[in-house]
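Asker: quick one, what's the 3D model for this:
(2 chains)
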There are 2 protein chains.
Amino acid sequence: MTEAEFIAALRHLPLHAGARGLQDDAALVGGLVVTCDTLVEGVHFLPDDPAGDVAWKLVATNLSDLAAKGASPEGIVLSYPLSGHDWDGVFLAGLAEALDAFDCPLIGGDTVHLPAGAPRVLTVTALGRDAAAPARSGARAGDALWVTGTIGDAGAGLAIARGAEGPAGLLAAYRRPQPRLAEGRALAPVVHAMMDVSDGLLLDASRMAAASGLAVTIDLGAVPLSSAYRAWGLGALAAATAGDDYALLFALPDGTAPPIPATRIGAFAAGRGLDLRQDGVRVPPPDRLGYLHAAP
Amino acid sequence: MTEAEFIAALRHLPLHAGARGLQDDAALVGGLVVTCDTLVEGVHFLPDDPAGDVAWKLVATNLSDLAAKGASPEGIVLSYPLSGHDWDGVFLAGLAEALDAFDCPLIGGDTVHLPAGAPRVLTVTALGRDAAAPARSGARAGDALWVTGTIGDAGAGLAIARGAEGPAGLLAAYRRPQPRLAEGRALAPVVHAMMDVSDGLLLDASRMAAASGLAVTIDLGAVPLSSAYRAWGLGALAAATAGDDYALLFALPDGTAPPIPATRIGAFAAGRGLDLRQDGVRVPPPDRLGYLHAAP
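Answerer: Residues are numbered from 1 along each chain as shown, chains lettered A, B, ... in the order given. The predicted model follows:
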């Protein structure tokens, strides 16, 4: 059973009214936004990634989904596999840093033991409050597509974590991603659709278009790149197909300026699929639009 | 770092006001009860346990914590490791059965891939509503200790699942535990303290006593045993130290009758620790009071 088949089958189960048909990264339950992300050692993080960074990333990826709903963190629930080693203490220190940084308390959770040698599997369920909660499926034909921040830094950071040469700033973008909570709160009341960029800009934009029943055009020449990323040497296509950016991707009516700094990278139109451009000229989309976390 | 040390360290993190100091199996957030339980292959279930039973158990163990708070299921959030094998489909069928049986919708979740050969790690966060939400720490000196249903059936079922001879009814008690939702709703408004028996009656009762700052006396002769368990051949001490019962354990003022069928098995008093009796005669507590899920 593939992931798509599995999720399609889940949709035949009794679904909560706030589950949005499992089409979104977050659900709405009793005034709270609910989201869940799991990180697997060897799949979502490297076995030698520092434990404190794994803790930070676990919190940040979940809060990024809250940010995309315009929510403020109410708290997190943590499922943690105890190793009995120093890793646990370093993880706790990183967890404390992240919870402090994002003003997010711990609600509860579960602590388990894994069989010897098993890869770590860490799950957080995050709850958020005060959300305008735009869906990813609300884009309309004619809307412009915008993105916050810069794209590709974390992808470069992953390459650096795996041994490539590169600056600490790019490595930090991979290891200590920043959920865009304030930006999300500013954007949520005015956007037609919003989601975070977690698996790659092209892949996630295609998902927003598909969920909205539309086609999307993206101009690679418009994709915002940091000066560190440009200096590192890879281009916009590599940036737009790498993961872990945790920027916010959103649809606004054409002609409407966003309330925070952001970059217009494309537009939605009737139809389906991805229409990729480079400075106005159509280019074929790559086979791989993003970072799919298949196990090795 | 041991589990106790880890949880003690978690208490130094910023905690949600509804986290109850991480002393309870569930938290209270915005009118909802929140609980989280993880099942690990080879630790909480056997690799050859049927996938549908694992799904059932994953839901049931979480809803049992809601039952102990007197809550009704609002829904569950599922983190699922996709295997790509038939296991996934059988799991889904069991999940559908459990959600139907307990009138519990799916809210959302995450699907991940594990590295090849890794043991499955499955996490559910369950949300409940309309809870009176008694704490486990509210028992008072002089309160009687009560338990619903019978004890030890699931422990016998685990032995049968591992190859011992025994009846299907005991095996079912292990593989298809029943969260006591209706009983929990009836009890929650009147009890001083309540929790579910998940790790063993003696261990969980000792935890309730410790959380309440009291000693507890339990008479093994009073522990309710099913006729199937008695016929299977082990006694009350084995039953009271086995896990996975998912009965409800609660404290009521002496002389107060519970609103549902239950068995009085002991009492709370000033002091600390477990005072174990057999038909009124003090017996030494066993070294192991319950089933601690240490990894093999």
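Asker: state the distance from residue A:212 to residue A:262.
Answerer: Using CB to CB, to the nearest Å, residue A:212 is found at 19 Å from residue A:262. Every C-beta, even on glycine, is put in place using the N, C-alpha and C of the backbone.
Asker: give the closest residue to residue A:241 in space, chain neighbours not counted.
Answerer: residue A:200 (4.9 Å; CB to CB, 6 or more residues apart in numbering or on different chains).
Asker: then residue A:83?
Answerer: residue A:120 (7.3 Å).
Asker: ok, now residue A:143?
Answerer: residue A:251 (4.1 Å).
Asker: state which strand of chain A is the longest.
Answerer: Looking across chain A with DSSP state E, the single longest strand is strand A:72-82.
Asker: ok, the residue nearest to residue A:241 to residue A:289 distance?
Answerer: For residue A:200, the distance to residue A:289 - CB to CB - is 6 Å.
Asker: again with residue A:38
Answerer: 22 Å.
Asker: what about those two, which has more around it?
Answerer: Taking neighbours as other CB atoms under 10 Å in any protein chain shown, residue A:38 and residue A:289 compare with residue A:38 leading, 27 against 20.
Asker: just the buried residues of stretch A:222-237, please?
Answerer: Of the residues in stretch A:222-237, those buried by neighbour count under the rule 16 or more other CB atoms under 10 Å in any protein chain shown are A:222, A:223, A:224, A:225, A:226, A:228, A:229, A:232, A:236, A:237.
Asker: okay, and which of these map to helices?
Answerer: A:228, A:229, A:232, A:236, A:237 (DSSP state H).
Asker: so which strand or helix has the residue nearest to the spatial centre of chain A?
Answerer: Central residue of chain A (CA atoms, centre = their mean): residue A:198, 2.7 Å from the mean position. According to DSSP states H and E, residue A:198 maps onto no helix or strand at all.
Asker: my guess is it contacts residue A:248, does it?
Answerer: No. The pair residue A:198 and residue A:248 does not pass the contact test of CB atoms under 8 Å, sitting 10.8 Å apart.
Asker: now for those two: what residues contact both?
Answerer: Residues touching both residue A:198 and residue A:248 (CB atoms under 8 Å, 6 or more residues apart in numbering or on different chains): there are none.
Asker: walk me through the domains of chain A.
Answerer: Listed by automatic domain parsing, the domain ranges of chain A are A:3-129, A:144-282.
Asker: how about CSV for these, with mean pLDDT added?
Answerer: Shown next, in CSV, are those (pLDDT from 0 to 100):
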stretch, mean pLDDT
domain A:3-129, 95
domain A:144-282, 96
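Asker: of all the ones you listed, which one comes closest to residue B:30?
Answerer: Closest to residue B:30 of those is domain A:3-129 (CB to CB; 5.6 Å).
Asker: what is the end-to-end distance of the closest one?
Answerer: One end of domain A:3-129 to the other measures 30 Å (CA to CA, to the nearest Å).
Asker: residue A:225 and residue A:177, how far apart?
Answerer: Distance from residue A:225 to residue A:177, by CB to CB: 17 Å.
Asker: again but with residue A:116, I slipped
Answerer: With CB to CB as the criterion, residue A:116 and residue A:177 are 31 Å apart.
Asker: which residues in the stretch 51-200 of chain A form helices?
Answerer: Secondary structure of the stretch 51-200 of chain A by DSSP state H, counting those that start in this stretch: the helices cover A:51-67, A:86-101, A:153-161, A:168-175, A:181-187.
Asker: neighbours of the nearest residue to residue A:278 once chain neighbours are set aside, how many?
Answerer: Sequence neighbours aside, residue A:220 is the residue nearest to residue A:278 in space, at 4.8 Å (criterion: CB to CB, 6+ apart). For residue A:220, the neighbour count with other CB under 10 Å is 20.
Asker: strands of the stretch 101-250 of chain A, start to end?
Answerer: Assigned by DSSP state E, counting those that start in this stretch, the strands in the stretch 101-250 of chain A fall at A:106-113, A:121-129, A:144-147, A:193-196, A:215-219, A:248-252.
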